[in-house]
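**Student:** return a 3D structure for these sequence lines:
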Amino acid sequence: MVEIHRHKTHKRTGEVCEEAHLAITSLSPAQADAASLAGIGRGHWAIENRLHHKRDTVLGEDACRTRKAAQSLAALRNLLLSFLHQLTTPVLRSVRSFSTNPMPLYRWLSGCI
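**Tutor:** Got it, this is the predicted structure:
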């Protein structure tokens, strides 16, 4: 059993809050030193912040109610995000501009494929 304490600072307001989280690990006490557990925790949140957050905020994945083709939709979302990461503009701005005028996206995608 592990208890993790975090101090978070809100970027806009500067407000600082403290959180405590409990976790269970199957690592032995020799493997579960503080540095190892901190690295595992950071690695989890790095994936969450890098990929899942963008899939949810940009593409609305959590609001999607499709269950039968969920894996196929996730693959298409990942493909779209990988294409959008090649652009020079941020992903969210690209999606917003392409949603109002999709023709540049079609032309760009046809050149990539």
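
**Student:** what's the spacing between the nearest residue to residue 2 once chain neighbours are set aside and residue 58?
**Tutor:** Of all residues not flanking residue 2 in the chain, residue 23 sits nearest, at 4.6 Å (Cβ to Cβ, 6 or more residues apart in numbering). Heads up, the C-betas are built off the backbone N, CA and C, glycines and all. Counting by Cβ to Cβ, to the nearest Å, the gap from residue 23 to residue 58 is 29 Å.

**Student:** still on that earlier bit, contacts only, for the residue nearest to residue 2.
**Tutor:** Each residue near residue 23 by Cβ atoms under 8 Å, 6 or more residues apart in numbering is listed here: 1, 2, 3, 4, 37, 41.

**Student:** what's the answer for residue 38, then?
**Tutor:** Contacts of residue 38 by Cβ under 8 Å, 6+ apart: none found.

**Student:** ok so it is a helix residue?
**Tutor:** Yes: under DSSP: H, G, I helix; E, B strand; the rest coil, residue 38 falls within a helix.

**Student:** pLDDT score assigned to it?
**Tutor:** Looking at residue 38, its pLDDT reads 83.

**Student:** tell me how far it lies from residue 45.
**Tutor:** From residue 38 across to residue 45, the span is 11 Å (Cβ to Cβ).

**Student:** roughly how far apart are residue 29 and residue 1?
**Tutor:** Residue 29 is 11 Å from residue 1, where distance means Cβ to Cβ.

**Student:** so which elements touch the one helix or strand residue 99 maps to?
**Tutor:** Assessed by DSSP states H and E, residue 99 sits inside helix 91-100. Under the contact criterion of 3 or more Cβ pairs under 8 Å, 6 or more residues apart in numbering; DSSP states H and E, helix 91-100 touches helix 53-59, helix 70-84, helix 103-112.

**Student:** quick one: closest of those to residue 8.
**Tutor:** Closest approach to residue 8 among the helices and strands packed on helix 91-100 (Cβ to Cβ): helix 53-59, 15.2 Å.

**Student:** neighbouring contacts of that closest one?
**Tutor:** Defining contact as Cβ under 8 Å, 6+ apart, one finds that helix 53-59 is touched by 61, 62, 74, 77, 78, 80, 81, 91, 92, 95.
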